[in-house]
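Novice: Sequence plus predicted model, see below.
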Amino acid sequence: MKLRTCLRDPIPEIDQAARHLDAAVSAHLSGQFHLAGGLIWLADMPEIRVWTESLWGNNSPHVLLRSVPDSPVNLPKDQRVKVRMPTREEKESLHRRDGYHCRFCGIPVIRKETRERISKVYPDALPWGSRNIDQHAAFQAMWLQYDHLLPHARGGTNDLENIVITCAPCNFARMNHTLEEVGLIDPRTREPIKSTWDGLERFQ
């Protein structure tokens, strides 16, 4: 199996949605609230939902598993390092290191807290229900995750060296498989993407 940088290349609609959302935040900050809501609504593209759903789940055609000799085993729960989310300070350190792009596929990502702030102001344009189908497609795909490179279930620790920022599809698609088992190149061998994308953090 040829090694890949990501499980599936992003589609152009994701960049289009990111431009809509960036413009929406700029419109909001300048008091153009109707325009901001319309741009957020435009970013909810069905093509993005199809891309996301093609990745996560047990039957994804893009997650190609291979046998890796001496691969770490799934540990019993009582033998695993206690999993925890990074602290606020650790998250800020990860944001400074990785920026706001998935370290695998490179798409722009947005923190849950930022999405919740925007949804509170624009609930009709940014729906976020309990089912995947009831969630805004772009915010769902661009949902920032703190991903353990060596999965927790396989002995991975909470050290920042073992955690990278990813999008939800890349994180959830890999599940508890190692990078080697899904044929992915370690993203730490590549420099993080540097861009003007701020994860919509300026939204207030």
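Specialist: Right, received. Where do you want to start?

Novice: Now the residue positioned nearest the centre of the chain, what are its backbone angles?
Specialist: Residue closest to the mean C-alpha point of the chain, counted by Cα atoms, centre = their mean, is residue 167 at 1.1 Å. Dihedral angles of residue 167 (phi, psi; degrees, to the nearest 10) stand at phi -90, psi 160.

Novice: Go ahead and confirm it touches residue 139.
Specialist: No. Judged on Cβ atoms under 8 Å, residue 167 makes no contact with residue 139 at a distance of 10.9 Å. Using the backbone N, CA and C atoms, a C-beta is placed for each residue, glycine as well.

Novice: Show me the helices in this protein, by range?
Specialist: For the chain, helices defined by DSSP state H occupy the ranges 12-29, 33-42, 46-53, 88-98, 112-121, 137-141, 168-174, 179-182.

Novice: Single out the most deeply packed of those.
Specialist: Comparing the helices of the chain by mean neighbour count (mean count of other Cβ atoms under 10 Å), helix 137-141 comes out on top with a mean of 26.

Novice: doesn't residue 94 make contact with residue 160?
Specialist: Yes. In terms of Cβ under 8 Å, residue 160 counts as a neighbour of residue 94; the distance is 6.5 Å.

Novice: Report the set of residues contacting both of these two.
Specialist: Taking Cβ atoms under 8 Å, 6 or more residues apart in numbering as the contact rule, residue 160 and residue 94 both touch residue 86.

Novice: which residues of the protein score low on pLDDT?
Specialist: Within the chain, the stretches with pLDDT under 70 are 1.

Novice: If we use 80, what do you get?
Specialist: Along the chain, the model assigns pLDDT under 80 to residues 1, 83-84.

Novice: one step back: okay if I get the helices of the chain as a markdown table plus distance to residue 189?
Specialist: Below are these laid out as a markdown table (distance: least, Cβ to Cβ, whole Å):
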| stretch | distance to residue 189 |
| --- | --- |
| helix 12-29 | 24 |
| helix 33-42 | 36 |
| helix 46-53 | 25 |
| helix 88-98 | 14 |
| helix 112-121 | 28 |
| helix 137-141 | 25 |
| helix 168-174 | 16 |
| helix 179-182 | 11 |
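
Novice: right, so of these, which gets closest to residue 72?
Specialist: Of all those, it is helix 179-182 that lies closest to residue 72, at 9.8 Å by Cβ to Cβ.

Novice: Quickly list what the residue nearest to the centre of the chain is bridged to.
Specialist: residue 144 (DSSP bridges).

Novice: Distance-wise, check it relative to residue 58.
Specialist: Separation of residue 167 from residue 58 (Cβ to Cβ, to the nearest Å): 19 Å.

Novice: what does residue 41 give?
Specialist: Distance of residue 41 to residue 58, given as Cβ to Cβ: 32 Å.
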